[in-house]
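Chemist: have a look; sequence and predicted model below, questions after that.
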Amino acid sequence: MKNFTQRIYTVFSVIVLALLVSGCSMTRVTETVITEPVLVYSPTAELDRLMEELQQFRRESAAATLPVPEGVDERYSNRLSEVSSSQYSARLGPTEEFLDRLEQIDTSSMPFQDRVNAEILKWQLRSQAESLRFRTWLMPLHIGSGFHIGFARWQKNRSFDTVQEYDQFIARLQSFREHTGQQIELMREGVSAGMTPVREQLVGFELTVEPFITQDVTENYFYAPFLNLPSHFSDAARERILRDGREAISGSLIPGMEDLLEFVEQEYRPGARAAEGIGALPGGNRYYEWQVRINTTSDVTPEELHEFGLELADRYQAEMEEVMGRTDFEGDFAAFLNHLRTHPDFYVESEEDYVRGLSLVSKRMEEQLYTLFGTLPKTPYGIVPIPDFIAPRTVWAYYRVGSPGNRAGYHAVNLYDLSMRPTFVMEPLAFHEGVPGHHLQIMLQRENDEIPSFRRGTEVGVFVEGWAQYSEWLGHEAGFYTDPYRHIGRLTFDMLRAGRIVINTGIHAHGWSRDQAIDWLYERIPFQRQLLVNEVDRHYNGHAYPVTYKWGGEKMHELRSLAEEALGEHFDQRDFHDAILKNGSMPLDMLDLQMEEWLNEQLGKLEEEAEEE
């Protein structure tokens, strides 16, 4: 993409060329006295300049690390970030200014890629500004998540191949207790301001902290990178790294975890709110309405979304009952759900068997990818268990993005209590998290040098989750779901995603209680009750992200139906899928424009071919 100077140079060159062509001599041009440069306004150039300034602002904001204490080795300067209300508050003004400038730029005449850049930046800045206004920094802990878990995941994604990487890690370990103290102060401020998570969310919080509090430093989760230092390190470097790593864990990491656990148990949980919906917080109702719009990237209200979810749920229950009729089970729908929850044929006892089954499904799908796509990512992926310290209260699975040329992506699967995890959902689970779902879509985006770097790392949830939801359905196209129970597995995930819309809007816009939400899911989904408790609890942070799955998935199906109808026998799903994914994730209105342009191109080609015949 040309920078601002290049664009002005190009404009000036065009003016000179025009004068020459019109008959003006070069002498006449050189006799012209230009006292000041005439700058021709270019919306694209203005957008480029704003993007550069925004990137610089973000780099400066992210650089606010904790200061290095006196006497600490300067090699350990890359410490955890400094956090405070004043720091977060100071970001709001500049964020609003960038957004205002961006909204003043006329994007209507821009090339499509630049328009996408502008829309994604607007989406990001609106989200950041509203979160800052709502002071979300006062609630850094939620069930199964928090800054301490984020740090553990950060460690998991490091390669630890160089001395500098170990120095960075040690610096963060050394600063963990101080960083935790600042987070605790933010939470104390949150209690005073009435900005806390739901009290029930913090029940069992100790399960996410206690595994990091060990008597023996060498048995600590955070000591793992020190067990196998690279052989090319010098003896002196090895000795220093091991010594300082042990001291950082025993002197900062473990005491910081103890501070956090004591605070949550003695102050935070007792002071947390009892009311469940986000409307109980100051400005919560307005914040939730905005959450719905920003997550769907659509102008839809919580009430409209709630009705949409209920309609989907009715449709999927009817389909599940129809498929139930093709089995040999005798009984009503409630009895069938209980049968699916309890029959031993649907469960395995060992983690190895579960991962083996999931891996087999994934490999079988990989064999079919060339029938679905013309372009595939180069980065490989694997399947790993979700860490024990979050598994009991977290989701079924998630995807962790890879790094092109450096690190594989991975599908993290929850293996906690396999008696709750039926095998009939293995196929949609594998397709959602791995291929053709998250791994394929996200790594194609990360590997795409045709889009700006900031977009390669941006994940617009309604697109990302919508694509993964659509990918579950693609199992049909690839020859899966070959018996009624596997078909029930896919419909189970459909119902779960419809249920996320219903209970998210039910809790935050219609005053549903926790038990009401759990019961609603239990009457429709063949999972053990504890899994559904975990599912409901993830909705209490007030975000509307869980509604994105089905909202985005239905958009993918809508676009496919339009293309199939317009192209008829000429529809090629490989071309269609490549067209959806070629520019990475984006708001749905931009996806509409992208696919409209693609469809017009396809129709134009058909018209040309018909004329030639």
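Modeler: That came through fine. Since we're looking at a predicted model, the values are computed, not measured.

Chemist: remind me which residues of the protein are low pLDDT?
Modeler: 1-41, 542 (pLDDT under 70).

Chemist: rerun at 50
Modeler: Scanning the chain for pLDDT under 50 picks out the ranges 1-34, 38.

Chemist: in it, which spans are strands?
Modeler: Applying DSSP state E to the chain gives strands spanning 141-142, 145-146, 381-385, 397-400, 409-413.

Chemist: closest one to residue 537 among the ones you listed?
Modeler: strand 141-142 (8.6 Å; CB to CB). In short, each C-beta sits where N, CA and C put it, glycine included.

Chemist: roughly how far out does the closest one sit from the chain middle?
Modeler: 17 Å (CA atoms, centre = their mean, to the nearest Å).

Chemist: wouldn't residue 468 be in contact with residue 439 here?
Modeler: No - in this structure, residue 468 is not within contact of residue 439 by CB atoms under 8 Å, at 9.5 Å.

Chemist: what is in contact with the two at once?
Modeler: residue 433 (CB atoms under 8 Å, 6 or more residues apart in numbering).

Chemist: can I get the strands of the chain in TSV with distance to residue 549?
Modeler: Shown next, in TSV, are the strands of the chain (distance: least, CB to CB, whole Å):
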stretch	distance to residue 549
strand 141-142	19
strand 145-146	18
strand 381-385	20
strand 397-400	13
strand 409-413	17
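
Chemist: to residue 593, which of those lies closest?
Modeler: The closest of these to residue 593 is strand 397-400. By CB to CB, the value is 27.3 Å.

Chemist: show me which residues of the closest one are buried.
Modeler: 397, 399, 400 (16 or more other CB atoms under 10 Å).

Chemist: and of the residues you listed, the nearest to residue 459?
Modeler: Distances from residue 459 to those, taken by CB to CB, are shortest for residue 399, at 10.3 Å.

Chemist: leaving out sequence neighbours, find the closest residue to the closest one.
Modeler: residue 438 (3.8 Å; CB to CB, 6 or more residues apart in numbering).

Chemist: touching, that neighbour and residue 466? I think so.
Modeler: No - with contact defined as CB under 8 Å, residue 438 does not count as touching residue 466 (11.4 Å).

Chemist: walking through the stretch 151-300 of the chain, point out its helices one by one.
Modeler: 163-174, 176-193, 235-248, 254-263, 269-271, 284-296 (DSSP state H, counting those that start in this stretch).

Chemist: how about the ones you listed in a markdown table, adding mean neighbour count and distance to residue 229?
Modeler: As requested, the helices of the stretch 151-300 of the chain are exported to a markdown table (neighbours: other CB atoms under 10 Å; distance: least, CB to CB, whole Å):
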| stretch | mean neighbour count | distance to residue 229 |
| --- | --- | --- |
| helix 163-174 | 21 | 8 |
| helix 176-193 | 18 | 21 |
| helix 235-248 | 16 | 5 |
| helix 254-263 | 20 | 21 |
| helix 269-271 | 15 | 40 |
| helix 284-296 | 20 | 43 |
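
Chemist: so which of these is nearest residue 51?
Modeler: Of all those, helix 284-296 sits nearest to residue 51, with 20.3 Å by CB to CB.

Chemist: helices or strands up against that closest one?
Modeler: Here helix 284-296 touches helix 112-134, helix 302-324, helix 461-477, helix 484-509, helix 548-567, going by 3 or more CB pairs under 8 Å, 6 or more residues apart in numbering; DSSP states H and E.

Chemist: run the angle between the shortest one and helix 284-296 for me.
Modeler: When axes from the mean of the first three to the mean of the last three CA atoms, to 10 degrees is applied, the directions of helix 461-477 and helix 284-296 differ by 50 degrees.

Chemist: again with the fourth one
Modeler: Counting by the same axes, to 10 degrees, helix 484-509 points 140 degrees away from the direction of helix 284-296.

Chemist: I'd assumed residue 505 was in contact with residue 547.
Modeler: Yes - contact status for residue 547 versus residue 505: in contact at 7.2 Å, counting by CB under 8 Å.

Chemist: quickly list what's touching both of those two.
Modeler: Taking CB under 8 Å, 6+ apart as the criterion, residue 547 and residue 505 both touch 292, 305, 309.

Chemist: OK, contacts around the second one?
Modeler: Going by CB under 8 Å, 6+ apart, residue 305 touches 292, 296, 501, 505, 547, 551.

Chemist: change it to 7 Å
Modeler: 292, 501, 505, 547 (CB atoms under 7 Å, 6 or more residues apart in numbering).

Chemist: and the gap between it and residue 182?
Modeler: 37 Å (CB to CB, to the nearest Å).

Chemist: what does residue 264 give?
Modeler: Distance from residue 264 to residue 182, by CB to CB: 15 Å.

Chemist: over to residue 613?
Modeler: From residue 613 to residue 182 the distance is 72 Å (CB to CB).

Chemist: do residue 366 as well
Modeler: In this view, residue 366 and residue 182 are 46 Å apart by CB to CB.

Chemist: ok so, going back, any idea how many residues pack against the residue nearest to residue 399?
Modeler: Other residues within reach of residue 438, judged by other CB atoms under 10 Å, total 26.

Chemist: you'd agree it is up against residue 401?
Modeler: No - if you go by CB atoms under 7 Å, residue 438 and residue 401 don't touch, sitting 8.2 Å apart.

Chemist: out of the helices and strands packed on helix 284-296, the one nearest residue 450 is which?
Modeler: Of all the helices and strands packed on helix 284-296, helix 112-134 comes closest under CB to CB, at 8.2 Å.

Chemist: got a list of what residue 168 touches?
Modeler: residue 78.

Chemist: roughly how far apart are it and residue 269?
Modeler: With CB to CB as the criterion, residue 168 and residue 269 are 33 Å apart.

Chemist: how about residue 319?
Modeler: 42 Å.

Chemist: do residue 531 as well
Modeler: 23 Å.

Chemist: got it, and residue 200?
Modeler: 9 Å.

Chemist: what do you get for residue 115?
Modeler: To residue 269, residue 115 is 47 Å away according to CB to CB.

Chemist: same question for residue 581.
Modeler: Residue 581 is 44 Å from residue 269, by CB to CB.

Chemist: what does residue 72 give?
Modeler: According to CB to CB, residue 72 stands 34 Å off from residue 269.

Chemist: what of residue 126?
Modeler: Distance from residue 126 to residue 269, by CB to CB: 33 Å.

Chemist: could you do residue 71 as well?
Modeler: 37 Å.

Chemist: tell me how many other residues surround residue 357.
Modeler: Counted with other CB under 10 Å, residues neighbouring residue 357 total 15.

Chemist: same check, this time on residue 352
Modeler: If we define neighbours as other CB under 10 Å, then residue 352 has 10 of them.

Chemist: what of residue 457?
Modeler: The number of residues near residue 457, taken as other CB under 10 Å, comes to 12.

Chemist: quick one: contacts for the residue nearest to it when sequence neighbours are not counted?
Modeler: Excluding the flanking residues, the one nearest residue 457 by CB to CB, 6+ apart is residue 446, at 7.2 Å. Contact partners of residue 446, counting by CB under 7 Å, 6+ apart, are 401, 404, 456.

Chemist: from the residues you listed, keep the buried residues only.
Modeler: Among these, those classed as buried by 16+ other CB under 10 Å are 401, 456.

Chemist: dump the contacts of residue 446 to JSON lines, plus distance to residue 108.
Modeler: Shown next, in JSON lines, are the contacts of residue 446 (distance: CB to CB, whole Å):
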{"residue": "401", "distance to residue 108": "34"}
{"residue": "404", "distance to residue 108": "34"}
{"residue": "456", "distance to residue 108": "26"}
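
Chemist: and which of the contacts of residue 446 is nearest to residue 607?
Modeler: Set against residue 607, the nearest of those by CB to CB is residue 456 (35.2 Å).

Chemist: how near is that closest one to residue 117?
Modeler: In terms of CB to CB, residue 456 sits 12 Å off from residue 117.
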